[in-house]
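Chemist: quick check, what structure comes out for this input:
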Amino acid sequence: MKPVSSNTISGISTLLLCMLTLLLFACDTTSETSNNDLDTCSVNFKVAVNDSSDNNTVSRALDEILNCNEIYDVEADIFGPDDALLQQGGPWDCEVGQGTVTDVPAGTDGTLAVLCNNEAGEVVYRGVSVITLIPGATVDAGTIVTDEFMPSQLSPADNATDEINGNVYFEWAAVSGAVEYDIQVISPSTVEYTTSDTNYRAHDLTAPSTIYTWRIRAVDSQGNQGAWSNPLSFTTDSNEIPSVSITSPSGYVFGNVIFDQTSSDDGNIASYVWTLVETEEVIGTTDNFTKNDLALGDHTVELVVTDNVGAIATDTSTFTYTNIEGTWSLSATNEQSGSCQVFGDKVNNGTITYLGDNTFRLQLGTLWDKECDPSSSPCLFYGSPSGLAYTFTNSWTDSASGYDYSSTITVTAQGNDSYTGTLTTTESISVSPDCTWTYDITLTRQ
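Modeler: Purely as a prediction, here's the structure:
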């Protein structure tokens with residue numbers, strides 16, 4: 001046998017090395033492509049609709065049931081478990097009756113929603129199916145049966161009469177896949193309402209003996225709107241709606257809070273319902289009442305009155321409930337103007353004590369120990385929510401000197417345990433012009 005030369009061996013080694021390199025490169029390329037393919041999948045589906053025209057719901061091919069006279073095109077949305085949109089497909093012509101959604105992120109379960117639209121882009125049929133999005137696969141979702149995406153109106157029925165003016169009740173049948181409903185009422189202007197329920201009471205349709213028309217549409221979780229239903233008409237009764245106005249509370253309040261109102265009606269008010277808007281708690285069912293266990297802070301109260309026919313009127317009021325009960329220490333710095341005889345710096349420190357029943361005791365230095373009497377004259381009133389919290393007023397005659405005094409303390413809430421403000425005190429004496437002391441004060445709960 002002839003010996004193999006070294007050149008031959010070198011050539012064979014080089015060839016083997018090149019083949020190995022190509023093989024490794026090919027393997028790497030295949031792996032990368034495979035990984036990319038595993039990130040997505042495709043979803044195939046067919047479409048059918050529920051035909052309930054003969055009261056026997058059956059599923060047939062799309063072009064068999066409607067011949068695409070009502071449906072213009074078909075779209076498909078695929079959502080992840082968190083209802084986030086993963087991919088959209090279409091539109092496909094109605095005659096096709098099927099579709100494929102490509103490049104769908106895979107590796108989880110999803111929901112396929114098939115939307116059959118009219119020429120205006122409104123959803124007339126809608127169906128969903130839960131599918132598993134298998135990486136790298138073409139998923140066959142089968143036939144998606146779609147249902148009519150239009151609510152059936154129940155109340156008011158067409159040509160209904162004597163609907164309660166100011167309290168019209170709308171009701172309809174639930175639609176599969178709808179998360180909310182839009183109601184449109186016309187006569188003569190157009191008003192719209194949106195609700196997630198299958199009923200709604202309209203309190204702003206207040207024209208007596210008036211013909212209205214109404215229609216409704218469904219909306220799914222992605223904001224896709226269905227077609228409007230056929231309009232129905234109804235007529236309200238001749239009853240005039242009541243009127244109501246909350247007179248108390250408003251602004252800053254404390255202690256026993258009075259809830260009161262004025263109302264009128266062409267018949268009589270049959271019920272009162274007071275509700276704290278922020279908690280939806282009903283706190284009263286009479287025309288007026290008092291309450292002293294409110295939470296500190298801002299509140300909005302709504303009053304709904306209903307007359308003997310069922311018509312409704314509402315009003316709201318905002319107020320701030322504060323806590324000034326107990327004793328507050330007062331410290332102040334002062335300035336004077338005019339010829340002052342008595343006060344000086346003797347009232348720079350003192351206390352204000354809430355005694356209950358809107359009564360306060362104000363003790364300032366050695367000269368003022370006064371209990372205000374709201375039955376004879378107000379010693380406290382409330383400012384607006386954007387301005388003052390409290391104003392105390394007093395006037396009296398000092399028995400020792402015979403001097404007349406009047407004083408006003410204005411304080412602004414900084415919280416429930418601290419107030420700042422001003423104190424103005426005026427001396428009125430016969431031997432000199434009036435004197436005014438002005439103090440910058442701080443009240444702190446003891």
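
Chemist: and for the residue nearest to T210 when sequence neighbours are not counted, the neighbour number?
Modeler: Of all residues beyond its chain neighbours, the one nearest T210 is T236 (5.2 Å), with distances taken as Cβ to Cβ, 6 or more residues apart in numbering. The way it works is simple: take the backbone N, C-alpha and C, and place the C-beta from them, glycine included. T236 has 26 neighbours, counted by other Cβ atoms under 10 Å.

Chemist: what do you get for the one 10 residues further on?
Modeler: If you count neighbours by other Cβ under 10 Å, I246 ends up with 21.

Chemist: quick check: buried residues in stretch 150-166?
Modeler: 150-151, 153, 156, 163-166 (16 or more other Cβ atoms under 10 Å).

Chemist: in this structure D103 contacts T40, no?
Modeler: Yes: if you go by Cβ atoms under 8 Å, D103 and T40 touch, sitting 5.1 Å apart.

Chemist: which of those two has more neighbours?
Modeler: T40 (18 against 12).

Chemist: hmm, the more buried one is touching G107, no?
Modeler: No: when contacts are counted by Cβ under 8 Å, T40 is not listed as touching G107 (9.3 Å).

Chemist: so what sits against both of these two?
Modeler: Here T40 and G107 have P135 as joint contacts, going by Cβ atoms under 8 Å, 6 or more residues apart in numbering.

Chemist: ok, back up a step: just put the buried residues of stretch 150-166 in a markdown table and tack on distance to T316.
Modeler: Below are the buried residues of stretch 150-166 laid out as a markdown table (distance: Cβ to Cβ, whole Å):
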| residue | distance to T316 |
| --- | --- |
| M150 | 36 |
| P151 | 31 |
| Q153 | 31 |
| P156 | 28 |
| E163 | 25 |
| I164 | 22 |
| N165 | 22 |
| G166 | 17 |
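
Chemist: from the residues you listed, which single one is nearest T194?
Modeler: Lowest distance from T194 to the buried residues of stretch 150-166 (Cβ to Cβ) belongs to P151, with 13.1 Å.

Chemist: the closest one and E171: what is the separation?
Modeler: P151 sits 10 Å away from E171, going by Cβ to Cβ, to the nearest Å.

Chemist: joint contacts of the two?
Modeler: With Cβ under 8 Å, 6+ apart as the test, P151 and E171 both reach T198.

Chemist: on that earlier part again, what about the buried residues of stretch 150-166, which are in strands?
Modeler: In strands, defined here by DSSP state E, the members of those are 153, 163.

Chemist: okay, the buried residues of stretch 150-166 in JSON lines with distance to T111 and pLDDT next?
Modeler: Shown next, in JSON lines, are those (distance: Cβ to Cβ, whole Å; pLDDT from 0 to 100):
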{"residue": "M150", "distance to T111": "21", "pLDDT": "95"}
{"residue": "P151", "distance to T111": "22", "pLDDT": "96"}
{"residue": "Q153", "distance to T111": "29", "pLDDT": "97"}
{"residue": "P156", "distance to T111": "36", "pLDDT": "97"}
{"residue": "E163", "distance to T111": "40", "pLDDT": "92"}
{"residue": "I164", "distance to T111": "41", "pLDDT": "90"}
{"residue": "N165", "distance to T111": "44", "pLDDT": "89"}
{"residue": "G166", "distance to T111": "42", "pLDDT": "88"}
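
Chemist: from the buried residues of stretch 150-166, which is closest to V277?
Modeler: Among the buried residues of stretch 150-166, G166 lies closest to V277 (Cβ to Cβ), at 20.3 Å.

Chemist: quick check: phi and psi at that closest one.
Modeler: Backbone geometry at G166, expressed as degrees, to the nearest 10, gives phi 80, psi 0.

Chemist: what helix or strand does the residue nearest to I164 when sequence neighbours are not counted sit in?
Modeler: For I164, the nearest residue in space outside its immediate sequence neighbours is G310; the separation is 4.5 Å by Cβ to Cβ, 6+ apart. Counting by DSSP states H and E, no helix or strand carries G310.

Chemist: count the neighbours of G310 for me.
Modeler: G310 has 15 neighbours, counted by other Cβ under 10 Å.
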